[in-house]
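Novice: Take this sequence and fold it.
(one chain, ligands or ions: 2)
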Amino acid sequence: MKNTMKALVYHGPEKISLDEVPVPKIIEPDDAIVRITTSTICGTDIHIWHGGMPEVEAPRILGHEFCGEVVAVGPAVRNVKVGDRCAVSCVTQCGECFYCKTATYSHCETGSWIFGYMIDGCQAEYARVPHANLGCYIIPDKLTDEDVLFVGDILSTGYMGAENAKILPGDVVAVMGCGPVGMCAMATARLWGPAKIIAVDTIQSRLDFAVKQGWADFGLNPLKCKVVEEINKLSHGRGADACIEAVGVSPTMKYALDAVRAGGNVSVIGVFEKPFELEMNKLWIKNISISMGLVNANRIPQLIDLIRAGIINMTPLITHRAPLKDILKGYDIFGGKKDNCIKWVVNY
Ligand SMILES: [Zn+2]
Ligand SMILES: [Zn+2]
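Specialist: Ligands and ions are numbered 1, 2, ... in the order given. As a prediction, the model looks like this:
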């Protein structure tokens, strides 16, 4: 193994560069070192780049969505071995602390979301994966990296959004935001058998794409129609049984609260940079439930099984592919929503 590697390093708001840095080493007994074979840029990386997460200490290697080959393991790693191809959970979980044992894995006391945030991430040639026993998931032989690339982050996030929305067969589900996470929420919402999935976004090409892929049944563009009225028309005048907010800004949150029917569920998976005021004086009488949270990446094995069975296929999200040396261009294009980019994949 080499001593140094290329990595995308965050040096403070608006400052990122591709640097030569040391290759990570095993620190804890349950660490693995993974040679990264495929990674991505996530919307959260863009938030960090623009200074939206001031708690991130520079210098920090960004990135938390990846696949790779295990090249070294600590003595306490049992579930993977050197040479295994694996998809990696963006949330690190020990399996033994209070939060892991009470199924709030994303708040693991020695883990949680730390990749590319509190510790170095995956937009590099190698990464150290802490708590590898519950972090690395072997990729079945028949599947490629790209087939399973999103299980560790956006697909698990979309799944949690759909799960928290408590969808029942025949329900009407509205998803506010047709970005990669929103589309993952639509694709997984299907698993519960809703009658209609409605996508809402101001980018018409993304709405058309989500409908064409079969993830959404209807696309509503707030620039062209009155979203809440249209959702009412599609739901017997009641409003959606469940709304999933997948952007993290006030207008989409407001649509979700206005479009949900009395007694329905609002499930928030968008990452907010700013506070949002709930109009409790109007909302209390609506009997709705609002849920939110950082992804629990505890269903990765099932998501891989669903992908292998052909029930979920998120590879159409991949619109751009380029090697690590071009990743700054990726930040510009994906981060700026240019060139109809939905997901920028780094291949090595
Ligand atoms: Zn992410
Ligand atoms: Zn834990």
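Novice: going forward, measure contacts between C-alpha atoms and count neighbours the same way
Specialist: Fine.
Novice: May I have the residues that are in contact with residue 190?
Specialist: The contact partners of residue 190, taken as Cα atoms under 8 Å, 6 or more residues apart in numbering, are residue 215.
Novice: My read is that residue 266 contacts residue 260, right?
Specialist: Yes: taking contact to mean Cα atoms under 8 Å, the distance of 7.0 Å between residue 266 and residue 260 places them in contact.
Novice: Mind jotting down where the strands sit in the stretch 1-150 of the chain?
Specialist: With DSSP state E, counting those that start in this stretch as the criterion, the stretch 1-150 of the chain has strands at 4-10, 16-22, 32-40, 60-61, 66-73, 85-88, 91-92, 112-113, 126-129, 136-138.
Novice: helices and strands around the last one, which ones?
Specialist: When you say that, I think you mean strand 136-138. strand 85-88 (3 or more Cα pairs under 8 Å, 6 or more residues apart in numbering; DSSP states H and E).
Novice: nearest spatial neighbour of the residue nearest the centre of the chain, skipping sequence neighbours?
Specialist: Relative to the mean C-alpha position of the chain, the nearest C-alpha, by Cα atoms, centre = their mean, is the one of residue 154, at 2.1 Å. Nearest residue to residue 154, sequence neighbours excluded (Cα to Cα, 6 or more residues apart in numbering): residue 181, at 5.3 Å.
Novice: Wasn't that neighbour part of a strand?
Specialist: No: under the criterion used here (DSSP: H, G, I helix; E, B strand; the rest coil), residue 181 is helix, not part of a strand.
Novice: wouldn't it be in contact with residue 156 here?
Specialist: No: counting by Cα under 8 Å, no contact exists between residue 181 and residue 156, whose distance comes to 9.2 Å.
Novice: shared neighbours of those two, which are they?
Specialist: What both residue 181 and residue 156 touch, as defined by Cα under 8 Å, 6+ apart, is an empty set.
Novice: about what we covered before: neighbour count for residue 266 and residue 260, which is higher?
Specialist: Comparing residue 266 with residue 260 by neighbour count (other Cα atoms under 10 Å), the higher total belongs to residue 266, at 31 against 28.
Novice: That one is in what secondary structure piece?
Specialist: Taking DSSP states H and E as the definition, residue 266 sits inside strand 260-268.
Novice: For the next helix or strand after that strand, list every residue counted as buried.
Specialist: As assigned by DSSP H and E, the chain's next helix or strand after strand 260-268 is helix 280-283. Using 16 or more other Cα atoms under 10 Å as the test for burial, helix 280-283 gives no buried residues.
Novice: oh, and call the first residue 26 from now on, that's how I've got it
Specialist: I'll keep to 26 as the first residue from here, and by that count the last item is helix 305-308.
Novice: ok, now how distant is the residue nearest to residue 179 from residue 212?
Specialist: Taken as Cα to Cα, to the nearest Å, the spacing of residue 206 relative to residue 212 amounts to 10 Å.
Novice: Please apply the same query to residue 197.
Specialist: Where residue 212 is concerned, residue 197 sits at a distance of 14 Å (Cα to Cα).
Novice: re earlier: anything in contact with each of residue 291 and residue 285?
Specialist: Common neighbours of residue 291 and residue 285 are listed as 267, 268, 313 (criterion: Cα under 8 Å, 6+ apart).
Novice: which one of the residues you listed is nearest residue 52?
Specialist: residue 268 (42.7 Å; Cα to Cα).
Novice: Correct me if wrong: residue 274 contacts residue 297.
Specialist: Yes: the pair residue 274 and residue 297 passes the contact test of Cα under 8 Å, sitting 6.0 Å apart.
Novice: returning to what we had before: so how far is the strand holding residue 291 from its chain's centroid?
Specialist: Relative to its chain's centre, strand 285-293 lies at 22 Å (Cα atoms, centre = their mean, to the nearest Å).
Novice: Any chance you could list what contacts it?
Specialist: Strand 285-293 is contacted from outside by 186-187, 189-191, 263-271, 273, 281-282, 311-318, using Cα under 8 Å, 6+ apart.
Novice: Any of those residues buried? List them.
Specialist: In the contacts of strand 285-293, the ones that pass as buried (16+ other Cα under 10 Å) are 186-187, 189-191, 264-271, 273, 281-282, 313-314, 317-318.
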